[in-house]
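Participant: Test case, fold it:
(3 chains)
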Amino acid sequence: MDYDLLKGLTDAQCEAVEHIDGPMLILAGPGSGKTRVVTHRIANLLQHGVRARSILALTFTNKAADEMRQRLDRLAPGEPVWLGTFHRFCARMLREYAALAGLQQNYTIYDTSDSLATLKRAIEAVELDATHYTPQQLASAISWAKNNLITPDQYEARPGNVTGAIVAKVYPKYQELLKHSNAVDFDDMLMHVALILRDSPEVRAELDARYRYILVDEYQDTNLAQYAIARAMSIDYPNLAVTGDPDQSIYGWRGATLNNILEFERDYPEVHVVRLEQNWRSTKKILRVADALISHNRRRKAKDLFTDNDEGVPVRLITYASHHDEAEGIAAQILGMIQSGKRQPKDIAIFYRINALSRTYEAALRDEGIPYQLVRGVEFYQRKEIKDVLSYLLLANNPRDDNAFLRVINTPARGIGRSTIDKLVEHATSRGLSLLDAAREAGMIAGLAKKSAVSVAKFVGLFDRICVHVLRPLEELLGHVLSETEYQDMLKDSEDPDDQDRLANIEELLTAAREFDERHPGDGHLEEFLEQTSLVADTDDWDSSSDRVTLMTMHAAKGLEFPVVFIGAVEKGLIPHERSEKDDAQMEEERRLLFVGITRAKERLQLSLAKRRDFRGRSGYTIPSPFLFELPRDEMEMEERGDLWQSDDSGDFDEPSFDIDEFEDRTPKQIGKSIAGIRLMTAADLAGEPATEDANADDFHQGMIVRHPEYGLGKIVALSGTFRNRKATVDFFASVGQKTFVLAASPLKPVRS
DNA sequence: ATTCGCAAAGTTTTT
DNA sequence: CTTTGCGAAT
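Facilitator: You can find the predicted model right below:
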């Protein structure tokens, strides 16, 4: 046994690290060093001669996987342990065993909006009267079914359940459309793999043997499908180790079932259980507040959280007059901490229940000139312009992807309208063709105007020209898409100011593609790139190293820690969310969510609420969250700021005890920048300096006009490579057509237009 | 076929 | 308040 791996660990931690064969359940409280234990255990397995390739570590988020990868690399550099999210793992397995799920290996992963669009087509196709049900409702019913491994043909409505009856009709059609498009939704990835494992003993045995040591992180957040997958691969080699904390289960709405962790000991009677209850993160006061709150949950395994850390300062609960005051008050405090030199921006986080609340906090931080990064709900890859452009690649990779086809056929507008598309759809449906194949036969479709047929044929030609480059680096391929479609030109001369942002986002996409190319040298990585774009989440872009205040939802905060934490809007209807109030189980989940938020704090924690809050465009009085009354008042310091409320209805807060500090020196408002799904302010923004640029290969951009001494003016069609290898394909429209240059050695000059 | 404008609706959390 | 959807006008 290597001494280093156990150094500085508690007995319980050592016990978990040294465990090798057989099932293990690690019940890990917040801040108990779980990631450390898991990574050390993997290193220990490797030291005991377990082959890296037979270890599979499944996490819930990419962020957690990255963190684990980094820490493992320090212990065991370069070991090819398979480490990633459930979804990514399933994506890989599904490529390998696509046929068993009735798919081709180049299948497309639909995100939520794609699958909703498909569902709408399904609803239309079965011609139901679904006026009383939103597609979202049907979507979540289908999602629930898939998470519980109920296939379309198994789905039966419970008698008298009207929604269920509709789902029973739409679900099969929806699934048929997905299959016809050679596509899967997020839930399918899990369901297909779980069913393959269930129905194919050979595959199951093979994967069981391939991955002899399986670790599942955040086990409390797994759903039935994920459970089935982990379980099926741990029969011949039952070395399944799961880590989790029932008190941090916050994904019940996504099908996660606490049963998986609460009943793990029943599934594996010989399980080795390790409890990590010592907290290394928070002060005693913070931990006691958290513990008092969570002890109000009934459905849980009681835990004895304790810490040897300092007592710490009291947890603060502040009531502000308005949401505006709240945000300004928090920003003022943050500014004070930073100016006094006690804290750096990166030490501080603001959490809230829903993304919609971020705006006010953002504005206040901006007004104070405090740098921040917002982990936001609307993801970069969900943006219209990004999806538009990527859809060309999706279609190139999977020509049967009807959704992608519908998206690109008339974007940018090329005169192919509703009636033409309807005819294409009809033609495709009657012959069982994909829409793209139907489009190839446009000339033969009866009733299609000649003009329309020509437009469609031109589109097909354009698309085929793009496809020529599918094996090229991604940046170059994207360049060809942009050039052929003139997507940027469409935005350039637009009046809409948002379109300038869109152009910037497209540049950002090109940058992402370039970075991908750097990581994946060689040809033909389109499919990997597309998979990556489908499976990244907003929280993955959170950058722990940049010195900024973090703004995020409590869900996104899971697994992170900050010296100073503010939790805003602790009000009834928000936390707990109004849609959870009716149901006890959901209320408990809301309580756990707040518990997660509280336990992120290491030294200082402030909860706050506003008496009045503008929300949904309306201003109204708020009610304090019922959870606040469950907190131990002797650990806390309560304070009321502002006096817009005359009466003392809430009755539970002391009078104001001190004033808000005033800060004179306010920097001018700064505008956040949008980068890969995160709005952030750079140091340059703060200093008011423009970013400096090297007058080099970086001077050339997609779509730029350049001059060549011999060929004259041309336009950059595509770019690829880096540094000295950076190449540009230029179209000299007036002379020789397309040429490719190595920029460093070329006489090309940018032309300012 | 596209664009514009207005009305209505709907607001959680994310792979 | 924002986004989405629909209908009418060009």
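Participant: residues near the residue in the stretch 301-450 of chain A that DNA strand B sits nearest to, how many?
Facilitator: Closest approach between the stretch 301-450 of chain A and DNA strand B, counting by Cβ to the nearest atom of the strand: A:Gly417, at 2.3 Å. Where C-beta positions appear, they are placed from N, C-alpha and C, glycine not excepted. Neighbour count of A:Gly417, defined by other Cβ atoms under 10 Å: 13.
Participant: same question, A:Ile354
Facilitator: The burial count for A:Ile354: 15, using other Cβ under 10 Å.
Participant: Local confidence estimate at it?
Facilitator: On the pLDDT scale, A:Ile354 is placed at 89.
Participant: wait, what's in contact with it?
Facilitator: Residues near A:Ile354 by Cβ atoms under 8 Å, 6 or more residues apart in numbering: A:Thr553, A:Leu574, A:His577.
Participant: Just the pLDDT for the first one.
Facilitator: Translated: A:Thr553. According to the model, A:Thr553 scores 90 on pLDDT.
Participant: For it, give me its contacts.
Facilitator: The contact partners of A:Thr553, by Cβ under 8 Å, 6+ apart, come to A:Phe351, A:Tyr352, A:Arg353, A:Ile354, A:Asn355, A:Val375, A:Gly377.
Participant: so how far is A:Leu607 from it?
Facilitator: 15 Å (Cβ to Cβ, to the nearest Å).
Participant: before we move on, what about A:His48?
Facilitator: Relative to A:Leu607, A:His48 is positioned 46 Å away (criterion: Cβ to Cβ).
Participant: of the two, who's got more company?
Facilitator: Ranked by neighbour count (other Cβ under 10 Å), A:His48 and A:Leu607 place A:Leu607 first, with 28 against 12.
Participant: sorry, back to before: just the ones of the contacts of A:Ile354 in strands?
Facilitator: Counted as lying in strands by DSSP state E, out of the contacts of A:Ile354, are A:Thr553.
Participant: Now distance to A:Ala745 too, for the contacts of A:Ile354, in JSON lines please.
Facilitator: Output for the contacts of A:Ile354, formatted as JSON lines (distance: Cβ to Cβ, whole Å):
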{"residue": "A:Thr553", "distance to A:Ala745": "50"}
{"residue": "A:Leu574", "distance to A:Ala745": "60"}
{"residue": "A:His577", "distance to A:Ala745": "60"}
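Participant: Which entries in the contacts of A:Ile354 are shared with the contacts of DNA strand B?
Facilitator: A:Thr553, A:His577 (Cβ under 7 Å from any atom of the strand).
Participant: follow-up on the earlier one: show me which of the contacts of A:Thr553 are buried.
Facilitator: Among the contacts of A:Thr553, those classed as buried by 16 or more other Cβ atoms under 10 Å are A:Phe351, A:Tyr352, A:Arg353, A:Asn355, A:Val375, A:Gly377.
Participant: quick one: the residue of the stretch 301-450 of chain A closest to DNA strand B and A:Leu424 touch, right?
Facilitator: No. With contact defined as Cβ atoms under 8 Å, A:Gly417 does not reach A:Leu424; the gap is 11.2 Å.
Participant: tell me which parts of the stretch 301-450 of chain A are close to DNA strand B?
Facilitator: With Cβ under 7 Å from any atom of the strand as the criterion, the stretch 301-450 of chain A meets DNA strand B at residues A:353-356, A:377, A:410, A:413-420.
Participant: Check whether the lengthiest strand in chain A comes near DNA strand B.
Facilitator: If you go by DSSP E, chain A has its longest strand at strand A:601-615. No. Applying Cβ under 7 Å from any atom of the strand, one finds strand A:601-615 separated from DNA strand B by no less than 7.9 Å.
Participant: Narrow the contacts of A:Thr553 to those in strands?
Facilitator: If you go by DSSP E, these have A:Phe351, A:Tyr352, A:Val375 in strands.
Participant: Report the contact partners of the second one.
Facilitator: So the one you mean is A:Tyr352. Taking Cβ under 8 Å, 6+ apart as the contact definition, A:Tyr352 lies against A:Ser358, A:Tyr361, A:Leu551, A:Thr553, A:Met554, A:Ile567, A:Gly568, A:Ala569, A:Leu574.
Participant: picking up where we left off before, could you report the distance from the residue of the stretch 301-450 of chain A closest to DNA strand B to A:Asn403?
Facilitator: Per Cβ to Cβ, A:Gly417 is found 18 Å from A:Asn403.
Participant: now, which of the buried ones among the contacts of A:Thr553 sits nearest A:Ser746?
Facilitator: Distance to A:Ser746, by Cβ to Cβ, is smallest for A:Val375 among the buried ones among the contacts of A:Thr553, at 41.0 Å.
Participant: What about the closest residue to A:Asn410 other than its chain neighbours, how many residues nearby?
Facilitator: The shortest distance from A:Asn410 to any non-neighbouring residue, by Cβ to Cβ, 6 or more residues apart in numbering, is to A:Ile416 (4.5 Å). Applying other Cβ under 10 Å, we find 19 residues neighbouring A:Ile416.
Participant: What of A:Ala292?
Facilitator: Counted with other Cβ under 10 Å, residues neighbouring A:Ala292 total 15.
Participant: Tell me both backbone torsions, phi and psi, for the closest residue in space to it that isn't next to it in sequence.
Facilitator: Using Cβ to Cβ, 6+ apart and skipping the chain neighbours, the partner closest in space to A:Ala292 is A:Pro632 (4.6 Å). Here is the backbone geometry of A:Pro632 (degrees, to the nearest 10): phi -70, psi 120.
Participant: Repeat that for A:Pro473.
Facilitator: Main-chain dihedrals, A:Pro473, degrees, to the nearest 10: phi -60, psi 150.
Participant: Surely it touches A:Ala718?
Facilitator: No. Taking contacts as Cβ under 8 Å, A:Pro473 lies outside contact range of A:Ala718: 9.1 Å.
Participant: For A:Leu138, give its distance to DNA strand B.
Facilitator: Computed as Cβ to the nearest atom of the strand, to the nearest Å, the A:Leu138 to DNA strand B distance reads 12 Å.
Participant: what's the answer for A:Glu124, then?
Facilitator: The gap separating A:Glu124 from DNA strand B is 18 Å, by Cβ to the nearest atom of the strand.
Participant: ok, back up a step: so which of the buried ones among the contacts of A:Thr553 comes closest to A:Gly84?
Facilitator: Of all the buried ones among the contacts of A:Thr553, A:Val375 has the smallest distance to A:Gly84: 20.2 Å, by Cβ to Cβ.
Participant: residues in contact with the residue lying closest to that closest one once chain neighbours are set aside?
Facilitator: Here the nearest residue to A:Val375 in space, its sequence neighbours aside, is A:Met552; by Cβ to Cβ, 6+ apart that works out to 4.1 Å. Shown in contact with A:Met552 (Cβ under 8 Å, 6+ apart): A:Ala349, A:Ile350, A:Phe351, A:Leu374, A:Val375, A:Thr539, A:Trp542.
Participant: go again using 10 Å as the cut-off
Facilitator: Taking Cβ atoms under 10 Å, 6 or more residues apart in numbering, we find A:Met552 in contact with A:349-352, A:355, A:358, A:373-377, A:538-539, A:542, A:558, A:560, A:600.
Participant: Thank you, goodbye.
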